[in-house]
Every structure is written in structure tokens, then in C-alpha cells.
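Quick one, structure for this:
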Amino acid sequence: MRIIKKIVVPPAIWALMLAMTVSAAQAVTIMCADYGVEGNRIDVTTRVLAMVQNGYLNFRVTNYDLGGDPAPGQIKEFRIRGRDRSGYIQDYNFHEKDTVNLEVSGGAQNFPPLRGGGGSSQWQGRLSPDDQDRFDNYYTRWLTYRSENNQGEVPSMRNRMLEVYNHYDIPTSVPFNQVASPNVAQPEAGPYPSSNNGYNDLRILQGTYGTPSHSINVTARLQAMVSNGNLSVHVNNDSMGGDPAPGKHKDLVLVYSYRSERRNVTVPESEDLRIP
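Sure thing, here's the model as predicted:
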């Protein structure tokens, strides 16, 4: 009769074996993580960071481990966006029921220095993977259009990036190259708004359109309208992008600075705004 012996692996040896199964790439800093299907994902960054033990992330991708089922009946995907020690960003994708083995150097705001972006940035990693890809696309196109002096497309790309800023509550004073991925960020992009907008004297700080109880934020829209240091617009529902208070008289309330002097102006609907 053949006797089969059970081999018990000591914890120290098991840890070594686990380390050997991890990708040969450098340890990564977790920037964000999500779980689900295209169009229906949940942010699991905090949960995933809590799973890291002794510098490793090791678990099976299940609804239980990731805190819920965002898409019942569908095969889901777990995604991590991480940055290696060189500053490059990489996505790690796993299907439901896959096993994740990843060496982790940190997470959340513990970011290594950026490459090519002019130093470290607290804003890097705020965007979801999809929004980061979208922002990077706008950013690279914006750089190209600026180099070509394409005055028709430059404001369009700038406005799209500012819409992303608004969604994530990123101040408009943050340079675009501090939000773009480090592998596309260019130091010559310069600080916002002087270089990002092509003007130095006029800065649009905040704009709202509507009534005291019903208004919309039109800051990014007005910033995109600035041309050669001037802003000229006929204030109405079309130019402001909508009617926040149908049937009521509305005002544009604008806060801006001109040559470092902060100013306020209120322009009634159907009148013209011209600054400076």
C-alpha cells in the first residue's frame, strides 16, 4: 500500500513562493481600482488598499472580496491603475475569479515623482482609469494644436479638460501637466492659466448663470471663450449653455482678475459682457 504524506510548507517559505509568483515588474503604487463592466463600475480603491499585507496584494476576484456585484449575471473585470518607481503608469486587468498576485509599494497619495511633468503632483491619480485616458487624449491633442497654432481647436480641448476638472473638483489653477499621466505630460505646458490659456492679464475665476436659487456653473465655458486676453459674449441661454430657470430673468455673475486685481461683475440676461 502506497502512503501519501502531506507536506506542510512553513509560513516563511510560503511567503517566498508567493513573491516568486508576482510579475517580474517593479512594485507598483496603487493609484485607483475599480470593479464591474463597461459603463457600470464601482470604485474599490479603499477596499483594495486594505487588502495589502506585507507589501503584497493577493486575493481572488469575487463579488464578496470586492464588496458587491455591480453587474449581476455578467462576467466582471477588476482593474488596478498603478505607477512604478520610474513614474510610469500601467493598468493591471483581471477577470472575475482570477487570482491577483501583485507587489505593492504604496497607495493613495503616496506617489513617486512624476516623469516629465515638472515634479510631484497631489492631483495625479485622482481620475478614474477611463477619465484619465480621456483626459490624456484631450491633453495630447491640445499640445499638438498649440504647436500648430490652431486657434479653433485649442479652446475646444482646453474646455474639455476643464470639464474633467469640474467633475473632480480640481481647481482651475492646477496646470494640465499635473493631471495628465506622467508618460504624456510635458514640462513646457506651463502653469495655468498663463500658458494653458494663452493669456496672462485676464483670469476667469468663477462664473454662474441663473437666479439666486437656480443657477449653473459656466466657469469653464467662459474660460474657453477668452481670446487674446479679452472676453466678449452676449449673455443668453444659448451662450451660457442652458436655461437654469425657465420663465425667470437671469444674471451672469462673474468673478475674475485682471492684472492681479480681483473684480466682480453682474451682467443681466440679453446684455453684452466685454472685459477688460
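
first to last residue in stretch 269-276, what's the distance?
From its first residue to its last, stretch 269-276 covers 19 Å (C-alpha to C-alpha, to the nearest Å).

which residues sit against that stretch?
201-202, 229-237, 249-252, 254, 256, 258, 265, 267 (C-beta atoms under 8 Å, 6 or more residues apart in numbering). Where C-beta positions appear, they are placed from N, C-alpha and C, glycine not excepted.

If we use 7 Å, what do you get?
Stretch 269-276 is contacted from outside by 202, 231-236, 249-252, 256, 258, 267, using C-beta atoms under 7 Å, 6 or more residues apart in numbering.

Out of those, the closest to P212 would be?
The closest of the contacts of stretch 269-276 to P212 turns out to be D251 (C-beta to C-beta; 9.0 Å).

residues contacting the closest one?
266-269.

How about L66, nearest residue that isn't a chain neighbour?
Y35 (4.6 Å; C-beta to C-beta, 6 or more residues apart in numbering).

Let's verify the one you found: helix, strand, or coil?
Under DSSP: H, G, I helix; E, B strand; the rest coil, Y35 falls in the strand class.

Test for you: state the pLDDT assigned to it.
Confidence at Y35, expressed as pLDDT, is 89.

wait, what's in contact with it?
By C-beta under 7 Å, 6+ apart, the neighbours of Y35 are 41-42, 44, 66, 70, 76, 78.

got CSV for these, with pLDDT and distance to A220 too?
Shown next, in CSV, are these (pLDDT from 0 to 100; distance: C-beta to C-beta, whole Å):
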residue, pLDDT, distance to A220
R41, 81, 25
I42, 84, 27
V44, 83, 30
L66, 87, 34
P70, 83, 30
K76, 91, 34
F78, 92, 33
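
that older thread, just the ones in strands from the contacts of D251, please.
266-268 (DSSP state E).

Give me the buried stretch members for stretch 248-263, please.
250-254, 256 (16 or more other C-beta atoms under 10 Å).

Among those residues, give me the pair with the biggest separation.
K250 and Y256 (18.9 Å).

Can you go through the ones in strands among the contacts of D251 and name the buried ones?
Buried, going by 16+ other C-beta under 10 Å: V267, out of the ones in strands among the contacts of D251.

Pick out whichever of the ones in strands among the contacts of D251 sits closest to Q90.
Set against Q90, the nearest of the ones in strands among the contacts of D251 by C-beta to C-beta is V267 (47.9 Å).

So the closest one is in contact with V235, correct?
Yes - using C-beta atoms under 7 Å, V267 makes contact with V235 at a distance of 5.0 Å.

If we only consider the contacts of Y35, which is nearest to L127?
R41 (13.3 Å).

list the contacts for that closest one?
When contacts are taken as C-beta under 7 Å, 6+ apart, R41 is in contact with 34-35, 70.

In JSON lines, list the residues you listed along with distance to M161.
JSON lines is the format used below for these (distance: C-beta to C-beta, whole Å):
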{"residue": "D34", "distance to M161": "22"}
{"residue": "Y35", "distance to M161": "27"}
{"residue": "P70", "distance to M161": "28"}
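
Out of the residues you listed, the closest to Q186 would be?
D34 (27.7 Å).

low pLDDT regions in this protein?
1-26, 85-88, 106-125, 183, 187-201, 260 (pLDDT under 70).

so where do the strands sit in it?
28-37, 40-43, 56-60, 77-83, 89-95, 99-107, 202-210, 215-217, 231-234, 251-258, 261-268, 272-275.

For A180, the count of nearby residues, please.
A180 has 29 neighbours, counted by other C-beta atoms under 10 Å.

Next: V104.
22.

do P72 as well
8.

Quick one: residues contacting it.
P72 touches nothing, counting by C-beta under 7 Å, 6+ apart.

Domain map for this protein?
11-107, 129-189, 202-275 (automatic domain parsing).
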